[in-house]
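Novice: Structure for this input, please:
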Amino acid sequence: MTIILYGLPHSLYTGKTRAYLRKQGLVYEERAPSHPHFQNVVLPAIGRGIIPVVVLEDGTIIQDTVDILDHFEEQGVRCTARPPASLQRVLAHIAELYAVTTLTRHAMHYRWSYFDEQAAFLKHAFAVGSGPEAAAKIMGRMQSYLPALGVTERTIPVIEESFEMLIQHLNAHFEAWPYLFGAQPSIGDYGLFGPLFAHLGRDPVPEAVMKAKAPSLYRWVERMNAPDADIPEYSDMPAGCHDNEPLPATMTPIFKQMGEELFPELSDKLEGLKAIVEGRDPQPGEPVTEKPHQRMIGTVQTSFRGVACEIGLQPYGFFLWARVIDAWKEAQAGEQDAILNYLTDTGLAPLLTNPLPICVERRNHIEVWGERSEAL
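Specialist: Okay, the predicted model is just below:
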């Protein structure tokens with residue numbers, strides 16, 4: 001029996017899921033969401049047109065990359081994406097959070113702010129499975145999201161500065177290591193891969209920047225797409241292990257940049273979410289948004305690298321933030337102290353020290369409110 005993956009070549013999160021299935025040697029068939037089974041069976045089941053979606057051999061439908069990867073990890077796979085060391089596992093979840101909260105901004109900027117320079121490529125990509133007319137509507141809708149992601153004339157210079165800084169930090173690390181935490185990809189690798197492949201490592205404009213300025217990072221993008229470890233240039237490193245303990249020095253600049261860019265945005269979003277919860281008083285289990293296709297519940301004033309901007313408030317980010325905290329809580333007491341020290345040094349300590357009294361969970365393919373752990 002074959003797993004069905006509903007996705008598209010240019011889709012950020014399809015890229016993440018596809019890479020994972022390949023690395024695990026799982027047999028799958030990829031179909032476009034225009035396929036009749038998606039339209040007639042999957043879409044009514046999940047309640048919104050979104051990809052990727054995986055349909056298992058028994059008909060079980062799983063939507064969202066986090067849920068998809070968690071399912072297979074819990075079933076047992078040939079190379080787990082969960083690093084055994086506590087610090088690495090926490091950092092892997094932070095990379096996953098950063099990819100969604102921050103790196104999506106870079107990905108969407110380079111795809112849509114440079115539309116004219118790569119129009120032929122994007123028109124071709126979006127016409128797959130839908131046709132030119134539908135593609136034009138989808139592309140127009142995607143472009144309209146830029147302001148809510150904090151992409152404006154004021155922020156574009158610092159977004160591009162951030163991108164070039166990040167790819168240099170990652171490039172330095174991948175010159176010595178094939179993946180973030182050793183010789184096999186982690187949750188963090190898969191998280192970063194989504195935007196760094198489908199948009200930033202595939203669309204013509206950012207791909208050219210990456211190839212010219214960060215060739216070892218571009219090689220990692222190729223490696224993540226391969227079905228095997230693909231590490232011939234690391235001949236002295238055994239495949240199939242997470243083993244870079246203690247953390248190499250090349251990791252510090254990467255996570256320091258994440259700390260600089262996740263905050264103050266996450267703190268400002270938390271205050272915005274508290275205000276919404278106080279006003280609505282939602283009950284546990286209630287959908288976070290009024291309609292399944294909605295991803296935002298308002299906007300907040302914040303800043304990115306010191307530049308003021310207004311950003312959409314996406315509860316999904318709090319679901320990912322909670323995963324960081326959960327990974328830290330699973331560590332032994334002495335390990336927790338060491339993790340907190342590392343996060344303090346990299347500016348990421350607020351992920352553990354900021355109270356997170358509002359729980360966002362995922363049930364039946366959507367985000368729902370969870371229990372509140374303390375007073376707002």
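Novice: where's the residue nearest to Ala32 when sequence neighbours are not counted relative to Pro36, distance?
Specialist: Spatially, and ignoring its direct neighbours in sequence, Ala32 is nearest to Gly129 (2.9 Å; CB to CB, 6 or more residues apart in numbering). In this view, the C-beta of every residue, glycine as well, is placed from N, C-alpha and C. Here the criterion is CB to CB, to the nearest Å. By it, Gly129 lies 12 Å from Pro36.
Novice: Those two: who's more crowded?
Specialist: Each of Gly129 and Pro36 has its neighbours counted (other CB atoms under 10 Å); Gly129 has more, 17 against 8.
Novice: For the more buried one, what is the enclosing helix or strand?
Specialist: Remark: Gly129 resides in no helix or strand, with elements defined by DSSP states H and E.
Novice: so where do the strands sit in the stretch 251-376 of the chain?
Specialist: Per DSSP state E, counting those that start in this stretch, the stretch 251-376 of the chain has strands spanning 299-304, 307-312, 360-363, 366-369. These are given in chain order.
Novice: What mean pLDDT does the last one get?
Specialist: Confidence for strand 366-369, expressed as mean pLDDT, is 91.
Novice: Double-check Pro264 against Thr302; I have them as touching.
Specialist: Yes: Pro264 lies in contact with Thr302 (CB atoms under 8 Å); the separation is 6.1 Å.
Novice: what's the domain layout of the protein?
Specialist: Listed by automatic domain parsing, the domain ranges of the chain are 3-75, 86-261, 265-369.
Novice: The closest residue to Leu149 other than its chain neighbours sits in which helix or strand?
Specialist: Nearest non-adjacent residue to Leu149, counting by CB to CB, 6+ apart: Arg105, 4.9 Å away. Arg105 is part of helix 104-112, with elements assigned from DSSP H and E.
Novice: mind saving the C-alpha coords of that helix as CSV?
Specialist: Taking C-alpha atoms only, helix 104-112 is exported to CSV below (Å, rounded to 0.1, in the frame of the first residue of the first chain):
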residue,chain,number,x,y,z
THR,A,104,8.2,32.5,6.3
ARG,A,105,8.5,36.3,6.1
HIS,A,106,11.7,36.0,4.2
ALA,A,107,10.3,33.3,1.9
MET,A,108,7.2,35.3,1.1
HIS,A,109,9.1,38.5,0.5
TYR,A,110,11.6,37.0,-2.0
ARG,A,111,8.8,35.1,-3.8
TRP,A,112,6.4,38.0,-4.2
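Novice: just how off-centre is that helix within its chain?
Specialist: Chain-centre distance of helix 104-112: 13 Å, with CA atoms, centre = their mean, to the nearest Å.
Novice: That helix vs strand 307-312, what angle?
Specialist: Per axes from the mean of the first three to the mean of the last three CA atoms, to 10 degrees, the angle that helix 104-112 makes with strand 307-312 is 90 degrees.
Novice: got the buried residues for helix 104-112?
Specialist: Across helix 104-112, burial judged by 16 or more other CB atoms under 10 Å covers 104-112.
Novice: give me every residue that touches the residue nearest to Ile167 when sequence neighbours are not counted.
Specialist: Using CB to CB, 6+ apart and skipping residues adjacent in sequence, the residue nearest Ile167 is Ala214, 4.0 Å away. By CB atoms under 8 Å, 6 or more residues apart in numbering, the contact set of Ala214 is 167-168, 170-171.
Novice: quick one: contacts of the helix holding Arg105?
Specialist: By CB under 8 Å, 6+ apart, the residues outside helix 104-112 that reach it are 12, 118, 122, 142-143, 145-146, 149-151, 156, 159-160, 162-163, 166, 195, 198-200, 203, 205-206, 304.
Novice: again, only using 6 Å
Specialist: Contact with helix 104-112 is made by 143, 146, 149-151, 159, 163, 195, 199-200, 203, 205-206, as judged by CB atoms under 6 Å, 6 or more residues apart in numbering.
Novice: same thing with stretch 117-125?
Specialist: By CB under 6 Å, 6+ apart, the residues outside stretch 117-125 that reach it are 10, 203-205.
Novice: Between all of those, which two are at the greatest distance?
Specialist: His10 and Val205 (13.9 Å; CB to CB).
Novice: Wait, His169 touches Ile254, no?
Specialist: Yes: with contact defined as CB atoms under 6 Å, His169 counts as touching Ile254 (4.7 Å).
Novice: what packs against the lengthiest helix in the chain?
Specialist: Counting residues, the longest helix in the chain under DSSP state H turns out to be helix 156-174. Judged by 3 or more CB pairs under 6 Å, 6 or more residues apart in numbering; DSSP states H and E, the packing partners of helix 156-174 are helix 104-112, helix 215-225, helix 251-262.
Novice: and the residue sitting furthest away from the middle of the chain, which of the three is it?
Specialist: Most distant residue from the mean C-alpha position of the chain: Asp236, 30.6 Å away (CA atoms, centre = their mean). Three-state call for Asp236 (DSSP: H, G, I helix; E, B strand; the rest coil): coil.
Novice: low-confidence ranges in the stretch 101-250 of the chain?
Specialist: In the predicted model, the stretch 101-250 of the chain carries pLDDT under 70 at residues 239-245.
Novice: 80 instead, please
Specialist: Applying pLDDT under 80 to the stretch 101-250 of the chain flags residues 129-130, 235-245.
Novice: quick one on the thing from earlier: and which of the contacts of helix 104-112 is nearest Ala333?
Specialist: Nearest to Ala333, judged by CB to CB, of these is Pro195 at 35.3 Å.
Novice: Right, I'll call it a day here.
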